[in-house]
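S.K.: build me a model from this:
(one chain, ligands or ions: 2)
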Amino acid sequence: MNILLLGGGGREHALAWKLAQSPSSRKLFAAPGNPGIAQCAELVSLDAGDHSAVAAFCEAKDIDLVVVGPEAPLVDGLADSLRAGGIAVFGPSKAAAQLEGSKAFTKALCDSAGIPTAAYARCTSEAEALDAIGRFGLPVVIKADGLAAGKGVVIAQTRDEAHQAVANMFAGGFGEAGQEIVLEEFLEGEEASFFAITDGKTVVPFGSAQDHKRVGEGDTGPNTGGMGAYSPAPVLTEQLTERAMTDIVRPTVETMAAEGMPYSGVLYAGLMLTNDGPKLIEYNCRFGDPECQVLMARYRGDLAQLMLATARGELEQAQAPQFEDAAALTVVMAANGYPGTPEKGGVIAGLDGAEAEGATVFHAGTAGDANRLVANGGRVLNVTALGSSVTEAQAKAYRAVAAIDFPSGFCRRDIGWREVEREAQQS
Ligand code: AMP
Ligand code: GLY
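M.R.: Ligands and ions are numbered 1, 2, ... in the order given. Down below sits the predicted model:
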């Protein structure tokens, strides 16, 4: 089949890498792509916001499947526009993408389907929010309703901090995303990411991961898109996975279908593993970045076929996803300044040396070509390795990091620390 992949980050490089290995994929195009993706796909210039241009391209190139990497085009209804023209898309409709696009929507769905999640209040004015804060304990979680690139969440330790966060959101601190806010009870526990693939009827688990959102070692400092991840997440045991499927994911898919908004694509559940069992923190309507990189490193099937079956509503007939029984770990190399203003243009070398260590280096924010590669974003490279344990995968990934010459970049040195500690205790 001919495939068009939309996006240009590390997640999309991992998807392109796997799609290019699919026996059923013939020709792979990517827009906008990046220099890493260019090694496995033909890059084309297309604006995902221009739905008719994307549809015209699909027509001209006989595209059988469009894979949408990031959330923004999905929330914007790209999948609806393409499906209206008879094009198969891996990714949810605009209505279904509200699971990521609106926190208030997801909270209401949890209420109606009885899905375990943090207690909450939805507020559309500052006065209402200030009043509601008094009904929550501390810390209290304050979230902008809409998409805020993972930055619209404040965990306030004091009432003052909470008041300030509320005032900032209503003053436009997160743009339109903060016109409405959700206050939440603070959940205690360990976080894990759980992925499921669904065509709106059939749901299959697609692995687990844990990421490190904070920029600093020991999970400190400002939030980022993610500084590293590993898969699987052993804290999400088989029993907890079954509970997450039964209590959270299946009721979500069933309720969305019953309400006339069938969800199709990957559903990424951010879970808190509390003493009362897994609770939903948030949904995303796409793969995690960098969680996708570690999932793809372990996935052992024909990705293009799985995605096409999902897009066509034929997931029931598809082969169940199979993963390598190994640990995968990815270290994000970021440009100095990230998550603030990252330094652009820093020269990168030594990727061959990293690959010689047995790692796969996904490009997240690079520009240039094989002769002269430079940093062109906050998160720049995802150095990914497999091992028989997280400890082994971590050691291999950091040996590969050491081979990379990127003087204007940095990375955390402790990706996977929780699991490495647990593995040390077990041995
Ligand atoms: P979100 O954008 O909803 O994933 O929130 C970002 C991060 O904030 C999550 O990954 C959690 O670490 C934290 N967080 C969000 N909601 C809660 C909550 N109710 N209790 C504790 N931590 C939370
Ligand atoms: N790494 C977190 C996310 O993709 O949302």
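S.K.: surely Asn223 touches Asp211?
M.R.: No - assessed by CB atoms under 8 Å, Asn223 is found out of contact with Asp211, at 11.1 Å. All C-beta atoms are positioned from the backbone trio N, CA, C, and that covers glycine.
S.K.: more neighbours: which of those two?
M.R.: More neighbours surround Asp211 than the other of Asn223 and Asp211, with 25 against 16 (other CB atoms under 10 Å).
S.K.: hmm, that one is touching Thr224, no?
M.R.: No - counting by CB under 8 Å, Asp211 does not reach Thr224; the two are 9.6 Å apart.
S.K.: quick one, what contacts Glu190?
M.R.: Contacts for Glu190 (CB atoms under 8 Å, 6 or more residues apart in numbering) come out as Val235, Met272, Leu273, Arg418.
S.K.: can you do 10 Å?
M.R.: Gln210, Ala233, Val235, Leu236, Leu271, Met272, Leu273, Thr274, Arg418 (CB atoms under 10 Å, 6 or more residues apart in numbering).
S.K.: who touches both of Asp211 and Thr224?
M.R.: Applying CB under 10 Å, 6+ apart, one finds that Asp211 and Thr224 are jointly contacted by Val332.
S.K.: give the contact list for Arg243.
M.R.: Pro116, Leu236, Thr237, Leu271, Leu273, Gly277, Pro278.
S.K.: which ones among these lie within strands?
M.R.: Judged by DSSP state E, the subset of these located in strands is Leu271, Leu273, Gly277, Pro278.
S.K.: show me where this structure dips below the pLDDT cut-off.
M.R.: Judged by pLDDT under 70, the chain has its weakly predicted residues at 146-151, 174-178.
S.K.: how about a cut-off of 80?
M.R.: 145-152, 172-179, 370 (pLDDT under 80).
S.K.: circling back to that earlier point, return the member of the contacts of Glu190 nearest to ligand 1.
M.R.: Met272 (6.2 Å; CB to the nearest ligand atom).
S.K.: was I right to think that closest one contacts Ile248?
M.R.: No - with contact defined as CB atoms under 10 Å, Met272 and Ile248 do not form a contacting pair (11.1 Å).
S.K.: flag every residue of the stretch 51-200 of the chain that's near ligand 1.
M.R.: Ala118, Val141, Lys143, Gly150, Val153, Glu184, Phe186, Leu187, Glu191 (CB under 6 Å from any ligand atom).
S.K.: higher neighbour count, Met272 and Ile248?
M.R.: Neighbour count, other CB under 10 Å: between Met272 and Ile248, Ile248 has more, with 25 against 21.
S.K.: next, the buried residues of stretch 187-203.
M.R.: Across stretch 187-203, burial judged by 16 or more other CB atoms under 10 Å covers 187, 189, 192-200, 202-203.
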